[in-house]
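Asks: Next input, structure requested:
(2 chains)
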Amino acid sequence: MKEQLQKDFDNSIKNLSLSQKDIEIKKFCLGNFIDKGFPNRKEEDWKFSDLNQIIKKNIGELSFYNDQASTNKVDTSVFVDGLEHNKIVFINGRIEKIDFEYEKKDQIEIIDQSETINEFKNSNSLSDLNNAFTNKCFKILVKKNYQLVKPLIIYHTTNSKIWSKNINLRLNFELDKDSSLRLIDLFNDTSEKNFLNIFYNFELKENAVLKNYKVDKLENKNIKYSFNNIDQDKNSISETFILSSGSNFSKNEINCNLNGLYASAFVNGIFSLNNYKHHEIRSIINHLTENTKSYQLIKSVLDESSKAVYQGKIFVNSDAQKTDGYQLSKAILLNKESEFNAKPELEIYADDVKCSHGSASGSLNEDSIFYLMSRGLSYQQSRELLINGFLLDVVEKITDSEIKNLLKNMIGIKE
Amino acid sequence: MDKRQKEINNLKDYKYGFSTDIENIQAPKGLNEEVIKFISNIKKEPAWMLDFRLKAFERFKVLKEPDWQKPKFPKIDYQDLYYYSAPKSMKDKPKSLDELDPKLLETYKKLGIPLQEQARLNGIAVDAVFDSVSVATTFKDELTKQGIIFCPISEAIQNHPELVKKYLGSVIPTSDHFFATLNSAVFTDGSFVYIPEGVRCPMELSTYFRINASNTGQFERTLIIADKGSYVSYLEGCTAPMRDENQLHAANVELIALDDAEIKYSTVQNWYPGDKDGKGGIYNFVTKRGLCKGKNSKISWTQVETGSAITWKYPSCILKGDNSVGEFYSIAITNNHQKADTGTKMIHLGKNTKSKIISKGISAGSSDMTYRGLVDISSKAKNSNNYTQCDSLLMGNKCGAHTVPYIKNKNSESNIAHEATTSKISEEQLHYCQQRGLNPEEAVGLIVNGFCKEVLQQLPMEFAVEAQKLVGISLEGSVG
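Replies: Prediction:
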């Protein structure tokens, strides 16, 4: 892999106009990645999902170089109907379109940050890989007091014209005081067997509100890693919803730092898996100051030899008195071969806190099925009804009614 | 303050902190094959036992000290320890209690375990382990009548080699982790219990461990075998003198329950926890593992952990037999600079296996407490159930309480439920108690005892009273 990395790296550097300093930084990151390689099960955070093995087994050798010179045609058929929205379109890792047509132009700033490489806290070797190979990086700045009228949808599309087996993306967001953003990540993959490595960084200033919905619904053979870093100031709110379903392997990581008083973070997730899929959500909520709040709810429905992993950590600093932290993960195993692993972790250094977590996994309740069947439903119908109700719980946590309805339709959940 | 006064003050904090002046035989300092042969030789062990030790030592040489645990500690120099220390008078074993060194009897009397009285009063059969050797076992005759074997493991190696050979290392093999392997190589003594088929042990069996000599590691090994349909309840207590340096205690405990057998293992661990500034104290790195080998067998661990500078142990159950049951009840209290990383592992292999985990952690002062546990339901363990509850109580904002459960469910017909909470004693509760005339310290004691009640109830009567007191004492000075 080393030669391939070096070769592809040289190729991608050639096509970028970077300063010597930036090249040095990128080289340094590449070196780090070559040393460490893909994360494997020996690392505590990857205990349940050995990415190194998964890539070896599913993709084999990776290649990393993407030609950014030629543009891709934007396929408008993937756009969401029935919801007016702003767009950012990634095709095969290249930004093809940024369109804030519904917004006041002077309130949103798009800054090209390709030259600045920001170090991620809690970084692993994938952030090094990302640093070494990302070639365009934008920062989207929502200015003071501006609330976006329409949601922003980021389309992540890959198709058969893809050059390499690996795509690295990076986006930075800054939400200034009293601003708000609704962001939907929509994955449309028609390419086969690639490794997607996505890093987002969010900076929420006072009173800012971020709602991020990640929807991976379409069946595909890709391997996906997505990392969200969220820094929150006073009174800010972040809401993250993850639908983890389509890819062969997917790992979503959320690292949330509650830096300001009264900041709150919500993470809700659904795993709906079948067919040997293996998905993971790992969340780290750092309560760093007083009176912060976090709430997490993860539900899984696992069929046909699929495997879901939830690693959630609530960290409470010794200054963070009056923290309220809650975390619940529930799983239904539908098939003998399916598997659910959880590691709900609490690390607490302050005494006046209210922190709890719960985790439960098991089969569908036979009594409930019996109850429904005795009222005339078929076995299949009863099963569907129960699963529907089980997942509805999570969708109901979505605070934006417009998007809630959209997602309900997408997932196929009835009320 | 003169020396005497100082001593008295110290004893107030940890009343088992005295040491006994007694002549010792020690193995040469350090860890090497010679020392292992020395231990084996002094215990007049058969060749297969020495092989067992040497095999473990071979393995130990390639192992690295683990470093994933939460409490970090300065590197232990394994060459700077004595691996064998025994009261001189034990060289030729006394035949009865009357021949025992009076100083030893005195020590155990001070600890509240008068061995002589125990021989007369009806109650608990005690095996007392002093540093590296077992000094006295009471009630032997009565137990022998029922066919129960309860003796120091070194005696069992000589008198019941077929049992020891068959089961020693069958739950904790010589190739296990670092500290377990070290123990396999250098273990000195411990208790051996065998309950024959269909026998319900008529009394509580108990071992009392005491570290006395300085710079000594205590490596005891306990092996309990409950044959088909038998029952035994076993208690374990521990203390050590106060010393400024840290002492290592790395024991191995193996339990084997055959068909329909039940083993109840209770521990009240009160090793010296170090002084207020975290100086000294015992490193309690113990490997405890029970194997529910037969159908319908049951193993239940109950532990009250109040002592030790660092407690690092996970009493586990391997539920291999169908319908077997594993239970774990734990109270862990850390104060001052104590650290604990403890919990359990429940490994479900057989069908219809059940496990229950109740863990209560209390941290005060500048201490740090971690519950770390594993529940693993394998794909063949149909219709298995686990329930886990771990609650933590924090007192003050300098301490930490952490929960790290690993939950693995590979069987769709099995259920796992896990709950954990962390909180502090509410002002309302304190106020209510104080209003009724309790001082703050008593009020905290009462509330904490209530918090721990579920676990305390599991302890045998005599122990429960002691444990309840211990809970109160351990938290003294943590309020306000």
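Asks: For the stretch 301-415 of chain A, what lies in contact range of chain B?
Replies: With C-beta under 8 Å from any C-beta of the partner chain as the criterion, the stretch 301-415 of chain A meets chain B at residues A:318, A:321, A:331, A:333-363. (C-beta placed from N, C-alpha, C; glycine too.)
Asks: Strands - which of those residues land there?
Replies: A:331, A:333, A:339-348, A:354-362 (DSSP state E).
Asks: all helices of the stretch 51-200 of chain B, in order?
Replies: B:102-110, B:115-120, B:140-145, B:153-159, B:161-167, B:178-186 (DSSP state H, counting those that start in this stretch).
Asks: can you check chain A too?
Replies: A:2-14, A:20-36, A:51-58, A:125-133, A:366-374, A:379-395, A:401-411 (DSSP state H).
Asks: Deepest in the core, which of those is it.
Replies: helix A:125-133 (a mean of 24; mean count of other C-beta atoms under 10 Å in any protein chain shown).
Asks: picking that back up, columns mean pLDDT on top of the helices of chain A, output as a markdown table?
Replies: As requested, the helices of chain A are exported to a markdown table (pLDDT from 0 to 100):
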| stretch | mean pLDDT |
| --- | --- |
| helix A:2-14 | 80 |
| helix A:20-36 | 83 |
| helix A:51-58 | 86 |
| helix A:125-133 | 84 |
| helix A:366-374 | 92 |
| helix A:379-395 | 92 |
| helix A:401-411 | 88 |
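Asks: mind exporting stretch B:417-426 as PDB, just the C-alpha atoms?
Replies: C-alpha atoms of stretch B:417-426 as PDB (Å, rounded to 0.1, in the frame of the first residue of the first chain):
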ATOM      1  CA  ALA B 417     -30.600  -5.100  29.700                       C
ATOM      2  CA  HIS B 418     -28.100  -2.700  31.100                       C
ATOM      3  CA  GLU B 419     -28.700   0.400  33.300                       C
ATOM      4  CA  ALA B 420     -26.300   2.800  34.900                       C
ATOM      5  CA  THR B 421     -26.700   5.900  36.800                       C
ATOM      6  CA  THR B 422     -24.400   8.400  38.400                       C
ATOM      7  CA  SER B 423     -25.500  10.800  41.000                       C
ATOM      8  CA  LYS B 424     -24.700  12.400  44.400                       C
ATOM      9  CA  ILE B 425     -26.500  12.200  47.700                       C
ATOM     10  CA  SER B 426     -29.400  14.600  47.400                       C
END
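Asks: Give me the buried positions along it.
Replies: Within stretch B:417-426, the residues scored as buried using 16 or more other C-beta atoms under 10 Å in any protein chain shown are B:417-425.
Asks: so which of those residues also contact chain A?
Replies: Within the set of these, contact with chain A (C-beta under 8 Å from any C-beta) is found for B:417-424.
Asks: Can you add pLDDT and give the residues you listed back as TSV?
Replies: Formatted as TSV, those follow (pLDDT from 0 to 100):
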residue	pLDDT
B:Ala417	91
B:His418	91
B:Glu419	89
B:Ala420	89
B:Thr421	87
B:Thr422	86
B:Ser423	83
B:Lys424	85
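Asks: ok, of the residues you listed, which one's closest to B:His402?
Replies: B:Thr422 (8.8 Å; C-beta to C-beta).
Asks: For that closest one, give me its contacts.
Replies: Applying C-beta atoms under 8 Å, 6 or more residues apart in numbering or on different chains, one finds that B:Thr422 lies in contact with A:346, A:348, A:353-356, B:391-394, B:401, B:403.
Asks: Between which two of those residues is the distance greatest?
Replies: Largest separation among the contacts of B:Thr422 by C-beta to C-beta: A:Lys354 and B:Thr403, giving 14.1 Å.
Asks: quick one: which of the two has more around it?
Replies: Under the criterion of other C-beta atoms under 10 Å in any protein chain shown, the comparison of A:Lys354 against B:Thr403 puts B:Thr403 first, with 29 against 14.
Asks: ok so, going back, and the residues of the stretch 301-415 of chain A next to chain B, which of them are buried?
Replies: The buried subset of those (16+ other C-beta under 10 Å) comprises A:321, A:331, A:333-334, A:337-351, A:353, A:355-363.
Asks: which parts of the stretch 251-400 of chain B sit against chain A?
Replies: Contact residues, the stretch 251-400 of chain B versus chain A (C-beta under 8 Å from any C-beta): B:379, B:392, B:394-400.
Asks: are any of those residues buried, and which?
Replies: Counted by 16+ other C-beta under 10 Å, these give B:392, B:394-400 as buried.
Asks: okay, now A:Lys105: neighbour count?
Replies: Other residues close to A:Lys105 by other C-beta under 10 Å number 8.
Asks: What distance separates the opening and closing residues of stretch B:250-261?
Replies: This stretch, stretch B:250-261, spans 27 Å end to end (C-alpha to C-alpha, to the nearest Å).
Asks: What are the neighbouring residues in contact with A:Gly37?
Replies: Listed by C-beta under 8 Å, 6+ apart, the contact set of A:Gly37 reads A:1, A:52, A:125.
Asks: picking that back up, want to try TSV for the residues of the stretch 251-400 of chain B next to chain A, with secondary structure as columns?
Replies: Output for these, formatted as TSV (DSSP: H, G, I helix; E, B strand; the rest coil):
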residue	secondary structure
B:Ser379	coil
B:Ser392	strand
B:Leu394	strand
B:Met395	coil
B:Gly396	coil
B:Asn397	coil
B:Lys398	coil
B:Cys399	coil
B:Gly400	strand
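Asks: since we're on B:Asn270, how many residues are nearby?
Replies: Neighbours of B:Asn270 (other C-beta under 10 Å): 24.
Asks: no no, B:Glu204
Replies: Close neighbours of B:Glu204, defined as other C-beta under 10 Å, add up to 19.
Asks: now the one 4 residues further on
Replies: Using other C-beta under 10 Å, B:Tyr208 has 22 other residues around it.
Asks: and it, how far is that from chain A?
Replies: B:Tyr208 is 35 Å from chain A, where distance means C-beta to the nearest C-beta, to the nearest Å.
Asks: Validate this expectation: that residue resides in a helix.
Replies: No: assessed with three-state DSSP, B:Tyr208 is strand; it does not lie in a helix.
Asks: Kindly state the beta-bridge partners for it.
Replies: Beta-bridge pairing for B:Tyr208 (DSSP bridges): B:Ala128, B:Gly237.
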